[in-house]
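Student: Sequence and predicted structure below; questions after.
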Amino acid sequence: MPVPRKIIIDTDPGQDDAVAILLALGSPEFDILGITAVAGNVPLKLTEKNARKICELAGRPDIKVYSGAIRPLIRELVTAEEVHGKTGLNGPELPEPTMKLEEQHAVDYLVETLMREEAGTVTLCPLGPLTNVALALIREPRIAPRIKEIVLMGGGFFEGGNVTPSAEFNIYVDPHAADVVFRSGVPIVMMPLDVTHKALTTTKRIDAFRQLGTRVGLATAQMLEFFERYDEGKYGTDGGPLHDPCVIAYLIKPELFQGRHCNVTVETASELTMGMTVVDWWGVTKRPKNAIVMRDIDHDGFFALLVERLGRL
Ligand code: RIB
Ligand code: CA
């Protein structure tokens, strides 16, 4: 077994974030240094609580959870209760967490950890707005060359947007933070809507979680049944896109995904296209290639991995 990969998950749970966290917790490939919560799907006081609820659901109250940015760098916070429910984790009845929230601010934790750990050994896994990551890069620019890579869920190009015609939620909520991250020079792997929209939580796939016959399996089925209903109504599909677990699945089995190294530039000026990720897929500009942009996924292999790993919890 190779040395486990050190990761920090930055997240705004959110049912799909929750499944991504469960996938990481069920996978021996990772040494999860910490989980940092950010405002996004629901306000920060709920995302940090939800992160702790998921750790306890997985029987991992030892995981360190930190609370981070309460709002985007410049814009007002936009949340998504219409998708995730009032609690952000609607679906299962999960008990209030008893594990503690770490005292240290998430941004301080990110800077301190990246300055302490051996350079090039820590991978950041942002699953929500990029506010915490951008603040850490601004607070201590020396962390940039020390980050192994950033594997993030966010953006969309050929698929358009999901919160405006041109912008995906994570980037739209904090486009200025996304701009900082995409200009940072840190190697980025991007899971945009172009790939996550090919990973649908069909009825059959949700039943596979329920058939695990475990607390985690049942809670996952209940979370996804709630989570998918908004997108099923919007797209008229059987199931909704399962966004955030693509980040963790890539780190376990990169061969599940196909993409291309491109330039990605974030719109931060036009109100019409605010937060749009402009992907130079055909290399028509001389802008530096700053991200591997994923467009295809072996979705059957993805869900098989999810069921197998969540079955270990
Ligand atoms: O657009 C999808 C993304 O926005 C996912 O990360 C979901 O959890 C929300 O944060
Ligand atoms: Ca998320």
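Tutor: Structure's in. What do you need? Residues are numbered from 1 along each chain as shown. Ligands and ions are numbered 1, 2, ... in the order given.
Student: switch to C-alpha atoms for all contacts and neighbour counts from now on
Tutor: Noted.
Student: separation between I21 and A177?
Tutor: As for I21, its distance to A177 is 22 Å (criterion: C-alpha to C-alpha, to the nearest Å).
Student: Next: T196.
Tutor: 22 Å.
Student: try R229
Tutor: 30 Å.
Student: Who has more neighbours out of those two?
Tutor: A177 (26 against 17; other C-alpha atoms under 10 Å).
Student: Mind listing residues that contact the helix or strand where that one lies?
Tutor: Using DSSP states H and E, A177 falls within helix 175-182. If you take C-alpha atoms under 8 Å, 6 or more residues apart in numbering as the criterion, helix 175-182 is touched by 72-74, 129-131, 133-135, 137, 171, 188, 264-268, 274-275, 290-291.
Student: what's the answer for stretch 114-129, then?
Tutor: Contacts for stretch 114-129 (C-alpha under 8 Å, 6+ apart): 5-12, 17, 38-41, 72, 133, 142-143, 145-154, 169-174, 177-178, 244, 247-248.
Student: for stretch 59-69, same thing?
Tutor: By C-alpha under 8 Å, 6+ apart, stretch 59-69 touches 32-39, 44, 48, 51-52, 55, 99-107, 109, 131-132, 313.
Student: Give me the buried entries from the residues you listed.
Tutor: For these, a burial check counting by 16 or more other C-alpha atoms under 10 Å picks out 32-39, 44, 48, 51-52, 55, 99, 101, 105-107, 109, 131-132, 313.
Student: Give me the subset of the residues you listed that lies in strands.
Tutor: I32, L33, G34, I35, T36, A37 (DSSP state E).
Student: List the beta-bridge partners for the fifth one.
Tutor: Residues found in beta-bridge contact with T36 (criterion: DSSP bridges) are D10, Y66.
Student: Identify the residues contacting the closest residue in space to L193 that isn't next to it in sequence.
Tutor: In space, and not counting its chain neighbours, L193 is closest to G156: 4.8 Å by C-alpha to C-alpha, 6 or more residues apart in numbering. By C-alpha under 8 Å, 6+ apart, G156 lies in contact with S166, A167, E168, P192, L193, D194, M276, T277.
Student: go with 7 Å
Tutor: A167, E168, P192, L193, D194, T277 (C-alpha atoms under 7 Å, 6 or more residues apart in numbering).
Student: out of those residues, which touch ligand 2?
Tutor: Checking these against ligand 2 by C-alpha under 5 Å from the ion, not one of them is in range.
Student: Would you mind giving these as CSV with pLDDT, secondary structure and neighbour count added?
Tutor: As requested, the contacts of G156 are exported to CSV (pLDDT from 0 to 100; DSSP: H, G, I helix; E, B strand; the rest coil; neighbours: other C-alpha atoms under 10 Å):
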residue, pLDDT, secondary structure, neighbour count
A167, 98, coil, 29
E168, 98, coil, 25
P192, 98, coil, 26
L193, 98, helix, 27
D194, 98, helix, 20
T277, 98, strand, 29
